[in-house]
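Chemist: Next come a sequence and a model predicted from it.
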Amino acid sequence: MPIFLVDVNRSSVFGRPLQTIDDATMSRYHAAVYEGCEFGCAYCEGWGLAARPLNESVRLMPHIAQHAQAEVSLMHRDDVIGLVADSDAYQPAEQRYRRTRSVLTVLSERSHPVVIMTKSPFVLDDLDLLQQIHAARFAMVIVSIVSHTANVQHKFEDKVASFAQRLALVTALKTAGIPVGVALMPLVPYINDTDYALTQVIQQVAAAGADFLYWDFLRMPNLRHRNRMNDVMVRVGNYPISYLRELYRDGATIDSRYRSERNAAVLRICDDHRLPVRLPYPLFRGRFGPSYTVAQIIAQQSSRDELQGRDVLATQGTQLAEAVRAGEWPIEQLKSHPTYALFRELVPTSGAGTAVL
């Protein structure tokens, strides 16, 4: 059991804004309500980045609601706050300390948009606040899943809800009218990345009612985390460590050819089950200002272009999205974009615009 500490040195709830919006979660901020995580999932990058074991202690920010209120009052109304950091906002500590509920209460009072990524059904305890926020602005939950098999889940994340419980969570959120995505992550070579494993997860996620799927690959930012993952992989299955070395030649990031091939596989399976990849426009239609909305539509198309190996188009789309976010409206480029029909009514006829982000 971790040690719970009041962190008197922490001065900010949400920290500094990201240099660019995280299009996967729509968020301008990546915030951790708690520092440290009781779940301590084996693959979490926090093990490699923290000086001490990730689940050894959990730090609690005092007067978090007052800090959150002061910080949110200075934000633009379209700056989505993402409670998506390595420390789960609904780890067991939330049942006692209610720091996440304190933050959501502030966001509800100010009708400020929020996105939460969690593995825990405890998020349903705050369904009332999420519904209030979404009715006024925008609230979304992304449920993190790593595998459909109990064995893999037990070896990688033995303190979290089961696959069936997380599918039930997806359905409950969908039924309650909250946009809900699923993050299939991390994809770990030779563990949960086969066509069979992907099909099993995606098929059941789609049936549960998820609005979209997001995925990412295992990252090992330093030697400490690589050594940890090598030990974990040996326990999960009979996989020579040389397999991982072949795919992580630089030690940290996955081989580009492997990434492209697996991206194509996930995309194909999602299309087969009519499960959108990344955020579909209907989820956030009418929720944000013109610049944010148009940029987000373009960014999601760029993400799909990247997944399909259209690197030039993906780069052009990303640059166009950033220009719109900065308040520019390059009319001819926008008209030639394949998603123009979705947002043309939001584009100023004069081509002049004011930055909203």
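Modeler: Cool, got the structure. Please read these numbers as outputs of a predicted model, since none were measured by experiment.
Chemist: what's the closest non-adjacent residue to P348?
Modeler: W329 (5.6 Å; CB to CB, 6 or more residues apart in numbering). The C-beta positions use only the backbone N, C-alpha and C, and glycine is treated the same way.
Chemist: Tell me, how many residues neighbour the one you found?
Modeler: 20 (other CB atoms under 10 Å).
Chemist: quick one, phi/psi of it?
Modeler: phi -130, psi 80 (degrees, to the nearest 10).
Chemist: same thing with P17?
Modeler: Dihedral angles (degrees, to the nearest 10) for P17: phi -70, psi 150.
Chemist: Domain map for the protein?
Modeler: For the chain, the structural domains run 3-283, 290-346, going by automatic domain parsing.
Chemist: What residues sit buried inside stretch 271-279?
Modeler: L275, P276, V277, R278, L279 (16 or more other CB atoms under 10 Å).
Chemist: again, but for stretch 143-161
Modeler: Result for stretch 143-161 [16+ other CB under 10 Å]: buried residues 143-148, 152-153, 155-157, 160-161.
Chemist: A183 should be in a strand, yeah?
Modeler: Yes - assessed with DSSP: H, G, I helix; E, B strand; the rest coil, A183 lies in a strand.
Chemist: hang on, it packs against V146?
Modeler: No - under the criterion of CB atoms under 8 Å, A183 is not in contact with V146, lying 9.3 Å apart.
Chemist: rewinding a little: among the buried residues of stretch 143-161, which ones are in helices?
Modeler: V152, Q153, K155, F156 (DSSP state H).
Chemist: The residues you listed: which two are farthest apart?
Modeler: Within those, Q153 and K155 form the most distant pair, 7.4 Å apart (CB to CB).
Chemist: So which residues of the stretch 151-300 of the chain form helices?
Modeler: 163-175, 195-208, 223-236, 241-247, 256-272, 290-307 (DSSP state H, counting those that start in this stretch).
Chemist: could the buried residues of stretch 143-161 be laid out in JSON lines, adding distance to Q95?
Modeler: Putting those into JSON lines (distance: CB to CB, whole Å) gives the following:
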{"residue": "V143", "distance to Q95": "18"}
{"residue": "S144", "distance to Q95": "19"}
{"residue": "I145", "distance to Q95": "22"}
{"residue": "V146", "distance to Q95": "23"}
{"residue": "S147", "distance to Q95": "25"}
{"residue": "H148", "distance to Q95": "27"}
{"residue": "V152", "distance to Q95": "26"}
{"residue": "Q153", "distance to Q95": "21"}
{"residue": "K155", "distance to Q95": "25"}
{"residue": "F156", "distance to Q95": "23"}
{"residue": "E157", "distance to Q95": "18"}
{"residue": "V160", "distance to Q95": "14"}
{"residue": "A161", "distance to Q95": "13"}
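Chemist: Can you pull out the low-pLDDT segments for the stretch 251-357 of the chain?
Modeler: 350-357 (pLDDT under 70).
Chemist: So what touches the worst-scoring helix or strand of the chain on mean pLDDT?
Modeler: Ranked by mean pLDDT, DSSP states H and E, the weakest helix or strand in the chain is helix 46-49, scoring a mean of 71. For helix 46-49, the external contacting residues (CB atoms under 8 Å, 6 or more residues apart in numbering) are 37, 40, 53-54, 86-87, 220-222, 224-226, 228.
Chemist: Stretch 215-226 too?
Modeler: Residues outside stretch 215-226 that contact it (CB under 8 Å, 6+ apart) are 24, 43, 45, 47-49, 183-189, 229, 248, 251-254, 259, 262, 266.
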